[in-house]
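> The following comprises the amino acid sequence and a computationally predicted model.
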Amino acid sequence: MDIKQESDEISLQKYQQSPNRLDNRPSWDEYFLKITRQVSERSTCLRRKIGAVLVRDKRILATGYNGAPSGIKHCYEAGCLREEKGVASGERHELCRGLHAEQNAIIQAAMHGVAIVGASIYCTHQPCSLCAKMLINAGIKEIFYEEEYPDSLSEDLLNEAGIRVVKLSFGNDKNQQLR
């Protein structure tokens, strides 16, 4: 065995024992969900930070987070209308200054001429019924989310539309395909 071959074998052994080896990379679902969480940090909502990432063929098409429309005061400046009126989560979506993350992702794709038919969407939270209807009409084929949102109509609509919905969990829990 020559010195280079021995060196290559030692390098391979070190690599195989390394905690940084390539097989420790996150799965594609983990990767996109981590990006979705990062996107949610741009949110200006006072109640919860939500992010969404539209993906096709393992490529990001557009992102969105919940917050007020461009040029409008953010909730942290104007106050939360939903809090002021005591509106429960999952109800009266129209009583909010902000757009939802999924809506913003769809709008960003449209503004930049990016087709999203047949794409998947990763969301920090299960989409509400308003977003579910938009995702159905936008031609989204599957939805991956991490946290539940109290909206049974959303579940019914997505089920009826035949859209695959998967709740992701990257801990001790297993991912759960809901449809």
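Received the coordinates, thanks. Numbering: from 1, shown residues only.
> Pretty sure Ser129 sits against Ser154.
Yes: the pair Ser129 and Ser154 passes the contact test of C-beta atoms under 8 Å, sitting 4.3 Å apart. Quick note: C-beta positions are derived from backbone N, CA and C, even for glycine.
> of these two, who's got more company?
A count of neighbours by other C-beta atoms under 10 Å puts Ser154 above the other of Ser129 and Ser154, at 22 against 18.
> got a list of what Val117 touches?
By C-beta atoms under 8 Å, 6 or more residues apart in numbering, Val117 lies in contact with Ala138, Gly139.
> try the one 10 residues further on
By C-beta under 8 Å, 6+ apart, Pro127 lies in contact with His100, Glu102, Ile121, Leu135, Ile143, Tyr145, Tyr149, Asp151, Ser154, Leu158.
> can you give me the strands in this protein?
51-56, 59-65, 120-125, 142-147, 164-167, 176-177 (DSSP state E).
> So which of the ones you listed is nearest Pro26?
strand 120-125 (12.5 Å; C-beta to C-beta).
> The closest one pairs with which strands?
Using DSSP bridges, strand 120-125 pairs in its sheet with strand 51-56 (antiparallel), strand 142-147 (parallel).
> Determine which stretch of those is the most buried.
strand 51-56 (a mean of 25; mean count of other C-beta atoms under 10 Å).
> what's next to that one, contact-wise?
Under the criterion C-beta under 8 Å, 6+ apart, residues 32, 35-43, 60-65, 100-102, 104-106, 109, 116, 118-124, 140 lie in contact with strand 51-56.
> remind me which residues of this structure are low pLDDT?
For the chain, applying pLDDT under 70 flags the ranges 1-22, 171-179.
> now Lys85, nearest residue through space, not along the chain?
Nearest residue to Lys85 in three dimensions, chain neighbours excluded: Leu95, at 6.1 Å (C-beta to C-beta, 6 or more residues apart in numbering).
> give me every residue that touches the one you found.
Leu81, Arg82, Lys85, Val87.
> State the distance from it to Arg25.
43 Å (C-beta to C-beta, to the nearest Å).
> all helices for the protein, in order.
Under the criterion DSSP state H, the chain carries helices at the ranges 3-17, 28-40, 75-78, 81-85, 101-111, 129-137, 152-161.
> closest to Ile50 out of those?
helix 101-111 (4.3 Å).
> Show me what the closest one is packed against.
Judged by 3 or more C-beta pairs under 8 Å, 6 or more residues apart in numbering; DSSP states H and E, the packing partners of helix 101-111 are strand 51-56, strand 59-65, strand 120-125, helix 129-137.
> Neighbour-wise, which one of the contacts of Leu95 leads?
Arg82 (21 neighbours).
> That residue touches Cys96, doesn't it?
Yes: between Arg82 and Cys96 there is a contact under C-beta under 8 Å: 5.6 Å.
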